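Chemist: Here is a sequence together with a model predicted from it:
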Amino acid sequence: MEVGITHYLILSGILFSIGLFGALSKRNAVGILMCIEIMLNAANIAVVAFSKYLAPDTVLLTGHVFALFVIVVAAAEAAVGLAIVIALYKNRRSVDVDEVNSMKE
Amino acid sequence: MTGADYAFWVFAILGGLAALGVVMMRNLFRAALLLVLCFFTVAGIYGSLSADFLAVAQVLVYMGAISVLIIFAVMLTRDMRRGNPFNRAWPSVLVVCGFLMAGIIYVVVETTWPTVDVSPAVTGAAIKDGTSSTAAIAETVFDKDSGFLLPFEIAGMLILAAVIGAVALVRDK
């Protein structure tokens, strides 16, 4: 069977669902950030697959540019997110997100 | 099946297993190493989509920079007693994400995508002309009329602000 856009989109959906499951069901903040990175990668696969199969090569490679900007935002997000996690650990000696509820009351 | 098809299957299966391992692994450091493998397989997927520049950028940014950040965070917040456990809601989350995955696969399979025919002759000609995707992406981003110059500059500002913010967050008062 020839690999087409369907295969890439299904792979993207599977990776996204795995990442979403991890992001919602983990208690360690670093683990949650790792799962968010998986989700961003899954979205990128879909964008690049659309760019290859739905737009002719001669037209602008807009999907690739989108994926590049997503990579940039993911880098910024990882830096700030992990800084927040480390600041949290310094204050609380824990990175368990279930224990971070001081804004609840 | 062509070589690119084989590459897709190898990288897709490896990437899916690595992502599952990231979620399931109790040891957070091993999960981080599997995440690096997952990033690498995504780079391979980009390669099989003939997105060479993105594959290199993925290896540089994700495997080079973000993985190091994450491993540093794992080391600095070492919580060996707890590891990386699930929270109380994980069974319902599993059901919801299973339905989401099934829905996505159903929609993708049922839709007839208006694909253009990317015959090997077309891509072969493009390679022969010497237009790799790097030059094409550069022309797309920096095109004077329909380019992405303003988003490009904003992305630079975003990175700068994020780095300064990260330093300010973890700095000792």
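Modeler: Great, that's in hand. Numbering: from 1, shown residues only, chains lettered A, B, ... in the order given.

Chemist: What residue spans form the domains of chain B?
Modeler: B:1-111, B:134-173 (automatic domain parsing).

Chemist: pLDDT weak spots in chain B?
Modeler: Residue ranges of chain B with pLDDT under 70: B:79-82, B:116-131, B:173.

Chemist: Provide a list of residues in contact with A:Ala83.
Modeler: B:Gly165, B:Ala166, B:Val167, B:Leu169, B:Val170 (Cβ atoms under 8 Å, 6 or more residues apart in numbering or on different chains). In short, each C-beta sits where N, CA and C put it, glycine included.

Chemist: So is stretch B:155-164 next to chain A?
Modeler: Yes - applying Cβ under 8 Å from any Cβ of the partner chain, one finds stretch B:155-164 touching chain A at B:Ala155, B:Leu158, B:Ile159, B:Ala161, B:Ala162, B:Val163.

Chemist: Show the buried residues in these.
Modeler: B:Ala155, B:Leu158, B:Ala162 (16 or more other Cβ atoms under 10 Å in any protein chain shown).

Chemist: Check chain A for its longest helix and report it.
Modeler: Ranked by number of residues, the top helix in chain A under DSSP state H is helix A:62-92.

Chemist: For the residue nearest to the spatial centre of chain A, which three-state class applies?
Modeler: With distances taken as Cα atoms, centre = their mean, the residue of chain A nearest its centroid is A:Leu40 (2.5 Å). Classification of A:Leu40 using DSSP: H, G, I helix; E, B strand; the rest coil returns helix.

Chemist: Distance check, it against chain B.
Modeler: Noted for A:Leu40: a distance of 9 Å to chain B, by Cβ to the nearest Cβ, to the nearest Å.

Chemist: Report the contact partners of B:Val163.
Modeler: Per Cβ under 8 Å, 6+ apart, neighbours of B:Val163: A:Ala79.

Chemist: does it belong to a helix or a strand, and which?
Modeler: helix B:149-170 (DSSP states H and E).

Chemist: quick one: B:Val22 from B:Ser146, how far?
Modeler: 38 Å (Cβ to Cβ, to the nearest Å).

Chemist: Would you mark the buried spots in the helix holding B:Val163?
Modeler: B:Pro151, B:Ala155, B:Leu158, B:Ala162, B:Ala166, B:Leu169, B:Val170.

Chemist: Could you dump these into TSV with distance to B:Leu100 added?
Modeler: TSV is the format used below for those (distance: Cβ to Cβ, whole Å):
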residue	distance to B:Leu100
B:Pro151	30
B:Ala155	30
B:Leu158	29
B:Ala162	29
B:Ala166	32
B:Leu169	33
B:Val170	35
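
Chemist: still on that earlier bit, would you enumerate the residues in contact with the residue nearest to the residue nearest to the centre of chain A when sequence neighbours are not counted?
Modeler: Ranked by Cβ to Cβ, 6 or more residues apart in numbering or on different chains and with sequence neighbours excluded, the top spatial neighbour of A:Leu40 is A:Ala74, at 4.7 Å. Under the criterion of Cβ under 8 Å, 6+ apart, the neighbours of A:Ala74 are A:Glu37, A:Leu40, B:Val61, B:Tyr62, B:Ile66.

Chemist: among those residues, which are in helices?
Modeler: Counting by DSSP H, these place A:Glu37, A:Leu40 in helices.

Chemist: possible to save the contacts of A:Ala74 as a markdown table with distance to A:Leu54?
Modeler: Below are the contacts of A:Ala74 laid out as a markdown table (distance: Cβ to Cβ, whole Å):
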| residue | distance to A:Leu54 |
| --- | --- |
| A:Glu37 | 26 |
| A:Leu40 | 21 |
| B:Val61 | 25 |
| B:Tyr62 | 25 |
| B:Ile66 | 28 |
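
Chemist: I appreciate the help and will end here.
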